[in-house]
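K.L.:
What follows is a predicted structure for the sequence shown.
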Amino acid sequence: MAPKLERFVSPGKGNGLRATANIKRGELVYSAEPLACCVSNKLSRDVCHHCFTRCETLLRCSQCKMARYCNITCQKRAWIGHKRECKCLQSLLPRIPTDSVRLAARLTFALLSPSKSRSEELYTLEEHESHLSSMSEQKKQGLSQLASMLELYLQQEVPDLAQEVTSALPPSCQEPFSLIAKVF
């Protein structure tokens with residue numbers, strides 16, 4: 001945790017951060033790499049899927065035909081994160097999953113990957129609140145459909161999703177529906 005920040009819980013509102021010391025204008029207080037991110041389908045032909053730079057000419061992944069990169073360096077750096085997604089995308093061609101499904105899949109891959117260091121997280125996934133109890137039935141139905149699409153999308157790369165998730169994630173995050181409710 002950054003030395004000038006502390007975590008707190010606000011009853012009825014959730015988790016928060018507050019300053020414990022004066023912060024100068026323009027001072028960087030906290031910085032972290034995202035656990036997962038993806039380019040929206042709307043911008044997928046215009047933006048590098050690794051560095052998010054807009055380019056007129058992008059190199060396209062020869063396997064999934066969706067991911068695009070501004071150069072070979074970005075493509076190589078992105079491969080570790082794109083490798084599992086690439087197989088999932090190939091299995092659905094010519095269909096393209098929604099942004100939410102792709103992001104949830106990337107989040108799942110990151111959580112199942114032992115290489116990601118999460119020691120510097122402000123909050124663990126377990127500490128995130130799901131808000132399921134306060135959601136409308138319509139919202140729950142939409143999340144349920146998203147969870148079903150996620151399971152279908154991940155079948156190619158994680159055929160035994162339930163077993164892998166059970167061994168790698170905390171109990172409150174093991175069902176795709178519960179995981180999605182915590183992050184969306």
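P.N.:
Arrived safely, thanks for sending. Numbering: from 1, shown residues only.
K.L.:
Check the offset of stretch 21-33 from the chain's centre.
P.N.:
24 Å (C-alpha atoms, centre = their mean, to the nearest Å).
K.L.:
distance between the ends of that stretch?
P.N.:
End-to-end span of stretch 21-33 (C-alpha to C-alpha, to the nearest Å): 24 Å.
K.L.:
which other helices and strands contact the strand or helix carrying residue 148?
P.N.:
Applying DSSP states H and E as the criterion places residue 148 in helix 137-154. In terms of contacts (3 or more C-beta pairs under 8 Å, 6 or more residues apart in numbering; DSSP states H and E), helix 137-154 is packed against helix 72-92, helix 99-112, helix 176-183. C-beta: built from backbone N, CA, C; applies to glycine.
K.L.:
who's in contact with it?
P.N.:
Here helix 137-154 makes contact (C-beta atoms under 8 Å, 6 or more residues apart in numbering) with 88, 92, 97-98, 100-102, 104-105, 108, 132, 135, 161, 175-177, 179-181, 184.
K.L.:
nearest to residue 19, of the helices and strands packed on helix 137-154?
P.N.:
The closest of the helices and strands packed on helix 137-154 to residue 19 is helix 176-183. By C-beta to C-beta, the value is 26.1 Å.
K.L.:
So the protein: which segments form each domain?
P.N.:
37-93, 97-112+131-183 (the TED database).
K.L.:
With distance to residue 29 and mean pLDDT added, can I get the ones you listed in a markdown table?
P.N.:
Below are those laid out as a markdown table (distance: least, C-beta to C-beta, whole Å; pLDDT from 0 to 100):
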| stretch | distance to residue 29 | mean pLDDT |
| --- | --- | --- |
| domain 37-93 | 21 | 94 |
| domain 97-112+131-183 | 23 | 81 |
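K.L.:
now those domains as JSON lines including distance to residue 17 and mean neighbour count?
P.N.:
Shown next, in JSON lines, are those (distance: least, C-beta to C-beta, whole Å; neighbours: other C-beta atoms under 10 Å):
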{"stretch": "domain 37-93", "distance to residue 17": "21", "mean neighbour count": "16"}
{"stretch": "domain 97-112+131-183", "distance to residue 17": "18", "mean neighbour count": "16"}
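K.L.:
Can you convert those domains into CSV and add a column each for distance to residue 13?
P.N.:
Formatted as CSV, these follow (distance: least, C-beta to C-beta, whole Å):
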stretch, distance to residue 13
domain 37-93, 26
domain 97-112+131-183, 12
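K.L.:
Relative to residue 28, which of those domains is closest?
P.N.:
domain 37-93 (19.7 Å).
K.L.:
what separates that closest one from the chain centre, distance-wise?
P.N.:
Distance, centroid of domain 37-93 to centroid of chain: 15 Å (C-alpha atoms, centre = their mean).
K.L.:
Compute the first-to-last residue distance for it.
P.N.:
21 Å.
K.L.:
again, but for stretch 60-73
P.N.:
First residue to last in stretch 60-73 (C-alpha to C-alpha) measures 13 Å.
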